[in-house]
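Engineer: Please work out how this folds:
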Amino acid sequence: MDDFTAYSPYLIQHLYSTPPTHLFHYTSPDALIGIISNKQLWATNTMFLNDSKEVHYAIDTTKFLVDSAIERGVYDASLFPFFNQLKDHLASFPPRSYVISFTELQDSLSQWRAYCPSTGDYAIGFPAKQIISVSPNQQFKLVKCIYDWQIQVTILNEFIDCFVRRYKAEDIQAKNDSEVQLFLSSCRDVLGQVALIMKHNSFAEEKEWRLISFGMLESNNSSISFRASAMGIIPYYKFNLTDSTFPDLLNAADVIQGGNLVIRTGPSPDPNNRARAAQYLVMHHFVSSPVF
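Structural biologist: Residues are numbered from 1 along each chain as shown. As a prediction, the model looks like this:
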């Protein structure tokens, strides 16, 4: 699959955004046990997110920008068939993408309400440098979500212009149908990638960062498993939180100062007991303790 960063110089600037020292993942007690025990996070297939419609936000915006450009006469009429075919392809979002969500916020009431159950909740703060270190070998990329409408429009217009340049330079119109379909699919796929980091500005307070991976095949992939839920069967990728540079969750400070794990407890009648239970869990698996 094409690298989506090659289509937008403005997007490349955004990808150099520096994350805070820690990125927080809000979760349940069961999930906390699994994360600490297995040193893994689960990346969910984007077709099975709680709100799967959110990944179509950038796709719908792209269609709007294409229609607007046509109405304003930005492109000549010879491109109209291409744009119509492109919009048809955009209706099919690439299914093999996996994502893990983080936030810069370590104590957000809206996050507690949205992502944590009534049985108890925790926010785990992972050193951002550790997340960045372990991502490339697993084909994941850490990216800050984009909420600003003007920035989104700038990036998506760069994508559209790039598609048009390729369409003309490669003389796609003169190719056979299978080659045309392949070109249209490549356009859809790169837009599908950037769609995962564009969100409506009404969600801006979440300050979300995402680990994203594209083009994974479920067949013969030992890192992909399946779990049951109210939605049915959900595919997920077992993302490893350690590597040779960061061999443990709690020893990151030995490599980079200030890199230890942080665990926060959510609103509770007995927050001290919840924090103590999480500490016992960590002590069971590791020698040192995180910051509570």
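Engineer: Can you give the distance of the lengthiest strand in the chain from its chain's centre?
Structural biologist: In the chain, ranked by residue count with DSSP state E as the criterion, the top strand is strand 232-240. Distance, stretch centre to chain centre, for strand 232-240: 14 Å (Cα atoms, centre = their mean, to the nearest Å).
Engineer: And stretch 224-243, by the same measure?
Structural biologist: Relative to its parent chain, stretch 224-243 has a centroid offset of 15 Å by Cα atoms, centre = their mean.
Engineer: Strands of the protein, start to end?
Structural biologist: Under DSSP E, the chain gives strands at 22-27, 40-45, 97-103, 122-127, 141-144, 208-214, 224-229, 232-240, 262-265.
Engineer: Mind putting those into JSON lines with distance to H285?
Structural biologist: For every residue, glycine as well, the C-beta is placed using N, CA and C. What follows is the strands of the chain, written out as JSON lines (distance: least, Cβ to Cβ, whole Å):
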{"stretch": "strand 22-27", "distance to H285": "16"}
{"stretch": "strand 40-45", "distance to H285": "13"}
{"stretch": "strand 97-103", "distance to H285": "21"}
{"stretch": "strand 122-127", "distance to H285": "13"}
{"stretch": "strand 141-144", "distance to H285": "25"}
{"stretch": "strand 208-214", "distance to H285": "22"}
{"stretch": "strand 224-229", "distance to H285": "21"}
{"stretch": "strand 232-240", "distance to H285": "15"}
{"stretch": "strand 262-265", "distance to H285": "13"}
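Engineer: and the ones you listed, which one's lowest on average pLDDT?
Structural biologist: Mean pLDDT is lowest for strand 262-265 out of these, coming in at a mean of 87.
Engineer: Give me the contacts around that one.
Structural biologist: Identification of contacts with strand 262-265 by Cβ atoms under 8 Å, 6 or more residues apart in numbering yields 22, 24, 32, 106-107, 121-125, 271, 274-275, 278, 282, 290-292.
Engineer: Quick one: buried ones out of those?
Structural biologist: 22, 24, 32, 106, 121-125, 274-275, 278, 282, 290, 292 (16 or more other Cβ atoms under 10 Å).
Engineer: Nearest to A174 among the residues you listed?
Structural biologist: F24 (52.0 Å; Cβ to Cβ).
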